[in-house]
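**Q** Sharing a model prediction with you, sequence too.
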Amino acid sequence: MAHRALSALGAAALSFSLAACGGGGSSGSSTPPGPGPTLAPGSVLISPGSLAFSGPGAAPQTFTVSTTVGNVGGVPAVDPIGCAPVANIATASTSLPATYTVTPTGNGSCSFVVTIDHQSATIGITVGGGSGTSISTSAPAVTLFVGGTSGSLTVSASSGTLVPDASACAGIAAISGSGGPSPQTFTISPLSAGSCTFTVVDGASSVSVQITVNPNNGGQNALFITPSSLDFASQAAPAQTATLSFSGNAGQVSVNENDCIGQTGKPKLVFVTIGTPGQPVTLPATVTVTPYTTNGGGGSGTCSIFFTSSVGATQAVLTVTVH
């Protein structure tokens with residue numbers, strides 16, 4: 001049977017976490033960002049982007065923090081992730097651009113995360129040699145809306161321990177997940193409209209994800225599939241795609257493809273995949289439909305794929321014809 005909720009990760013083709021928009025506690029230890037103008041993503045600048053020291057006895061080095069809109073008032077607090085045994089930081093600046101002095105205190109690597117008005121930038125510190133790890137994320141950005149369901153994000157690294165810093169998102173999104181060995185999945189819940197930077201650090205390496213929370217448009221809860229029908233010229237035709245989207249709140253979405261995979265008395269016609277198997281999926285999402293011939297079996301006819309919301313939004317139906 002292929003009536004599967006898109007809310008749990010698994011090996012089956014349609015076992016995904018499909019969130020229409022985004023819960024949990026935040027992490028990170030820096031002082032919340034102070035008042036100031038609304039900054040766009042990428043507005044906080046750090047130069048240089050990293051510092052390397054030969055060892056604990058090496059001379060101090062400096063870096064400068066600025067923004068693309070000039071002096072926004074006050075010197076931002078800096079979150080030293082893992083830097084307590086590696087390096088100390090100090091500044092005499094009272095406005096932007098601000099210059100920080102870093103003094104190495106022990107071999108290792110760490111990162112300083114600088115936050116201004118919900119936007120962050122990171123500088124990696126390495127003492128005593130070594131190279132940074134490779135770190136990546138399942139998505140460069142997550143878009144949610146107020147009152148919507150949770151989104152999720154998976155971060156992976158080649159080695160080390162992943163440490164999240166969600167302090168820039170205080171008041172905008174709550175982010176659960178305390179970090180640990182790779183990979184780590186974080187759940188994101190929208191609190192209020194705005195945008196912020198969620199940072200995950202692994203030693204001197206880091207990755208930043210832009211979180212955007214849109215206002216609830218107040219519209220009727222509904223699911224949409226565009227286009228609403230797909231037509232394959234033959235059983236050997238290539239895969240086609242449709243886009244599953246929503247308005248209002250769609251909650252968790254389940255998919256029923258029984259009619260297309262030989263479960264209702266019809267021949268096997270097509271199978272469905274959404275996003276990358278094993279990865280969380282957030283609406284809007286691309287639905288890929290492939291004729292069954294490529295996997296054996298297959299036939300000709302017309303069938304329907306049903307997308308159903310957990311909160312009573314209208315059901316979306318994709319009609320498929322294979323000649």
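**A** Done, it's in. Numbers count the residues shown, from 1 in each chain.
**Q** Find me the pLDDT at residue 250, would you?
**A** On pLDDT, residue 250 comes in at 69.
**Q** again but with residue 282, I slipped
**A** Per-residue pLDDT puts residue 282 at 73.
**Q** if I look at the residue positioned nearest the centre of the chain, how far off is residue 304?
**A** Residue closest to the mean C-alpha point of the chain, counted by C-alpha atoms, centre = their mean, is residue 153 at 4.0 Å. Distance, residue 153 to residue 304, by C-beta to C-beta, to the nearest Å: 32 Å. C-beta coordinates here come from the backbone N, C-alpha and C atoms, glycine included.
**Q** Give me the nearest residue to the residue nearest to the centre of the chain, chain neighbours excluded.
**A** Leaving aside its sequence neighbours, residue 153 sits nearest to residue 186 (C-beta to C-beta, 6 or more residues apart in numbering; 5.0 Å).
**Q** Could you measure from the one you found over to residue 133?
**A** Distance, residue 186 to residue 133, by C-beta to C-beta: 18 Å.
**Q** Just want to know which of those two has more residues nearby.
**A** Set residue 186 next to residue 133 and count neighbours by other C-beta atoms under 10 Å: residue 186 wins out with 25 against 17.
**Q** Just after the one helix or strand the more buried one maps to, pick out the following helix or strand.
**A** Residue 186 is located in strand 184-190, with elements delineated by DSSP states H and E. As assigned by DSSP H and E, the chain's next helix or strand after strand 184-190 is strand 194-202.
**Q** Now that following strand - C-alpha only, PDB.
**A** Provided in PDB are the C-alpha atoms of strand 194-202 (Å, rounded to 0.1, in the frame of the first residue of the first chain):
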ATOM      1  CA  GLY A 194      11.600  38.300   9.800                       C
ATOM      2  CA  SER A 195      14.900  36.800   8.600                       C
ATOM      3  CA  CYS A 196      18.000  35.600  10.400                       C
ATOM      4  CA  THR A 197      21.200  33.600  10.100                       C
ATOM      5  CA  PHE A 198      21.400  30.100  11.600                       C
ATOM      6  CA  THR A 199      25.100  29.000  11.900                       C
ATOM      7  CA  VAL A 200      26.600  25.600  12.500                       C
ATOM      8  CA  VAL A 201      30.300  25.400  13.400                       C
ATOM      9  CA  ASP A 202      32.800  22.500  13.300                       C
END
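**Q** tell me what that strand is packed against?
**A** On a contact count with 3 or more C-beta pairs under 8 Å, 6 or more residues apart in numbering; DSSP states H and E, strand 194-202 meets strand 108-116, strand 119-127, strand 135-137, strand 151-157, strand 161-165, strand 173-176, strand 184-190, strand 205-214.
**Q** isn't residue 215 right up against residue 190?
**A** No - contact criterion C-beta atoms under 8 Å: residue 215 and residue 190 do not qualify, at 9.9 Å.
**Q** hey, what's in contact with both of these two?
**A** Shared contacts of residue 215 and residue 190, defined by C-beta atoms under 8 Å, 6 or more residues apart in numbering, comprise 145-146.
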